[in-house]
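*Asks:* I need the structure of the sequence given here:
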Amino acid sequence: MSVEILLESKTAMKSTMHYLVVLIAILNSGCNRATLVPPFEQERVELTHETDSGKFYVVDDGNAYREIQAGEAWELVMRVFDPEEVKRSYVIEDGKTYRISPDTQERFEVQRELSESFEDLNLGVPGLLELISEQRQRWGVFTLQSPEASTVSEYVAHRNEMLAGKATFRDCSVEPTSEKSHSGSKSLRCMTPTRPDSMITCKASLSSPLVYFRNGDDFWFEAFYWAEQGLPLTLIDLECEFVAEHPGIRLRIFDDETLGIELKALDKPTYRQPAETLVTFPRNKWVQVQVHFALSTTDGRMEIWQDGQKVLDRTGMTLPFRSAIYNSLEVGISAHCNPNQPCLLFVDDLRCSSKAFAE
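*Replies:* I've put the predicted structure just below:
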């Protein structure tokens, strides 16, 4: 069985929305008003969040509630995650954590250290299939979302055809290439067309379903990027695939062409570089990017270095709720939203870790 299968059922659920948006929409529609419960004990509350629509709680039973009747009762709003599914998906043996396939019960050791230089691969589609093969167990899936495969069902069907050797790239691609390299002779070439008005985003990315980072952990990431044409909206997404709408934290390039951070959850807080010291992201040269997240629902830390210069150092929420597991890492062009220009990006010498990188 390929690691790819671990993500197959989850991919169809993925959305550009996040669970608080869904939650508020449900409230405004008047649904679920009849399900009232007494307030939960504080130690069971995973997250407390206040908005104009009220005070919300995510609880360890996997549900989100809104406080009503001056704290005397909570109303059920939506199912955020299934605690039992998370328990079934992992096992710890001899100090090692394994992800379990829901279909075959096959075990895959989780990855808290990952590196990729794209050197030992063929070019084009054959090399892409080698990247996500069971033998490597680094990447589990690739996503090619574009005008010719714009919906989830369409790009999943296209991917399955490529896996079966019955199709090749259409109007976007993610592939090993010898066209450019930071070190060695190869890199990852990611290309998407211009985003049409009918789509929210285009993608040309790789994902790993085996990363494993939790509350209190540190996540370190480094890669070298060459922006040939256009700039993607996001360079990396670290997500909770067991949670509705896959909330997570991501490295963004904002409209002023500077790196920053966005938490794709709740009211989607963003963390941007100080206005007085902005450093733009250059094109047509190799750029070293390093990121550090200290994971917490309250006092997390976010740091970004560009070519060795620290450009952002902020504190804030870096995890959507206390027991959330970041178990999917997406790299490449994880979102391209420009309606006026395609995007061509090269990535090389990528690595992530739970510890700071040695110089």
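*Asks:* C-alpha only now, for contacts and for neighbours.
*Replies:* Will do.
*Asks:* so who does the nearest residue to residue 290 once chain neighbours are set aside touch?
*Replies:* Closest residue in space to residue 290, ignoring its immediate chain neighbours: residue 222 at 4.4 Å, by C-alpha to C-alpha, 6 or more residues apart in numbering. If you count contacts by C-alpha atoms under 8 Å, 6 or more residues apart in numbering, residue 222 has them with 288, 289, 290, 291, 349, 350, 351, 352.
*Asks:* 7 Å - rerun?
*Replies:* When contacts are counted by C-alpha atoms under 7 Å, 6 or more residues apart in numbering, residue 222 touches 289, 290, 291, 350, 351, 352.
*Asks:* before we move on, what about residue 130?
*Replies:* residue 121.
*Asks:* Make sure I have this right: it is in a helix.
*Replies:* Yes: secondary structure assignment (DSSP: H, G, I helix; E, B strand; the rest coil) places residue 130 inside a helix.
*Asks:* Could you number the chain from 784 rather than 1 from now on?
*Replies:* Sounds good: first residue 784 from here, last item residue 913.
*Asks:* how about low-confidence regions in the chain?
*Replies:* In the predicted model, the chain carries pLDDT under 70 at residues 784-817, 1142.
*Asks:* Report the residue ranges of every domain in it.
*Replies:* Under automatic domain parsing, the residue ranges defining each domain of the chain are 802-862, 894-1136.
*Asks:* got a markdown table for those domains, with distance to residue 883 too?
*Replies:* Output for the domains of the chain, formatted as a markdown table (distance: least, C-alpha to C-alpha, whole Å):
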| stretch | distance to residue 883 |
| --- | --- |
| domain 802-862 | 20 |
| domain 894-1136 | 10 |
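*Asks:* Can you say which of these is packed in most?
*Replies:* Among the domains of the chain, judged by mean count of other C-alpha atoms under 10 Å, the one packed with the most neighbours on average is domain 894-1136 (a mean of 20).
*Asks:* before we move on, back to that, and of the domains of the chain, who's closest to residue 877?
*Replies:* Taking C-alpha to C-alpha as the criterion, domain 894-1136 is the member of those that comes nearest to residue 877, at 15.6 Å.
*Asks:* and that closest one, how far from the chain's centre?
*Replies:* Averaging C-alpha coordinates over domain 894-1136 and over its chain gives two centres that are 7 Å apart (C-alpha atoms, centre = their mean, to the nearest Å).
*Asks:* Endpoints of it, how far apart?
*Replies:* From the first residue to the last, domain 894-1136 extends over 9 Å; the measure is C-alpha to C-alpha, to the nearest Å.
*Asks:* same question, stretch 818-833
*Replies:* 20 Å.
*Asks:* What of stretch 916-926?
*Replies:* Distance between the two ends of stretch 916-926: 15 Å, counting by C-alpha to C-alpha.
*Asks:* picking up where we left off before, want to throw the contacts of residue 1005 into a markdown table with secondary structure and distance to residue 1048?
*Replies:* Formatted as a markdown table, the contacts of residue 1005 follow (DSSP: H, G, I helix; E, B strand; the rest coil; distance: C-alpha to C-alpha, whole Å):
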| residue | secondary structure | distance to residue 1048 |
| --- | --- | --- |
| 1072 | strand | 24 |
| 1073 | strand | 23 |
| 1074 | strand | 19 |
| 1133 | strand | 26 |
| 1134 | strand | 25 |
| 1135 | strand | 22 |
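*Asks:* Show me where the stretch 784-933 of the chain has its helices.
*Replies:* Using DSSP state H, counting those that start in this stretch, the helices of the stretch 784-933 of the chain run over 787-794, 802-812, 866-872, 907-914.
*Asks:* where do the strands sit along the stretch 984-1133 of the chain?
*Replies:* Taking DSSP state E, counting those that start in this stretch as the criterion, the stretch 984-1133 of the chain carries its strands at 985-991, 1001-1012, 1017-1022, 1031-1036, 1042-1047, 1053-1054, 1069-1077, 1083-1089, 1092-1099, 1111-1119, 1126-1136.
*Asks:* Rebuild those as CSV, extending it with distance to residue 819.
*Replies:* CSV is the format used below for the strands of the stretch 984-1133 of the chain (distance: least, C-alpha to C-alpha, whole Å):
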stretch, distance to residue 819
strand 985-991, 39
strand 1001-1012, 38
strand 1017-1022, 31
strand 1031-1036, 29
strand 1042-1047, 28
strand 1053-1054, 33
strand 1069-1077, 36
strand 1083-1089, 33
strand 1092-1099, 32
strand 1111-1119, 34
strand 1126-1136, 43
